[in-house]
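> fold the following and give me the result.
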Amino acid sequence: MIIRIRGGSNMIKVKTFTNVLKAMHAMQEIHDLDSQVNQFIEDSNIKNVISVSDTCTEGDGSTIGIIRVLTYETE
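The predicted model follows:
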């Protein structure tokens with residue numbers, strides 16, 4: 001999902017990334033998510049990242065996924 005907010009000549013955009021966390025593989029999946037976000041930043045030629053935040057999703061009392069939200073500015 002990308003939300004565009006106009007402000008001056010630049011745009012503020014929000015992009016979400018998701019990943020499933022499996023038992024015994026969480027660290028690798030977090031590194032994979034890092035790589036996915038970093039590749040998006042590079043491919044999109046993003047010069048100004050405003051914020052990055054993570055939240056976990058739960059099911060049956062266990063963490064089952066992670067959502068990363070990237071807020072950035074474009075020209």
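
> the nearest residue to residue 10 once chain neighbours are set aside: which element?
Of all residues not flanking residue 10 in the chain, residue 73 sits nearest, at 5.2 Å (C-beta to C-beta, 6 or more residues apart in numbering). For every residue, glycine as well, the C-beta is placed using N, CA and C. Assigned by DSSP states H and E, residue 73 belongs to strand 62-74.

> contacts for that strand next, please.
For strand 62-74, contacts defined as C-beta atoms under 8 Å, 6 or more residues apart in numbering pick out 10-21, 26, 29-30, 33, 37, 40-41, 44, 46-58.

> ok, back up a step: so the residue nearest to residue 10 versus residue 16, what's the distance?
17 Å (C-beta to C-beta, to the nearest Å).

> next one: residue 24
Counting by C-beta to C-beta - residue 24 and residue 16 are separated by 26 Å.

> and residue 31, by the same measure?
For residue 31 relative to residue 16 (C-beta to C-beta), the value is 19 Å.

> now swap in residue 40 and tell me
Residue 40 is 11 Å from residue 16, by C-beta to C-beta.

> same drill for those two, tell me which one is more crowded.
Higher neighbour count among residue 40 and residue 16: residue 40, with 14 against 11, using other C-beta atoms under 10 Å.

> list phi and psi for residue 45.
Note on residue 45: backbone dihedrals following degrees, to the nearest 10 are phi 60, psi 40.

> okay, and for this structure, where does confidence drop off?
Residue ranges of the chain with pLDDT under 70: 1-9.

> at 90 what do you get?
1-12, 21-27, 47, 59-63, 74-75 (pLDDT under 90).

> which parts of the strand holding residue 73 are buried?
Neighbour-count burial for strand 62-74, with 16 or more other C-beta atoms under 10 Å as criterion, is recorded at 66, 68, 70-73.
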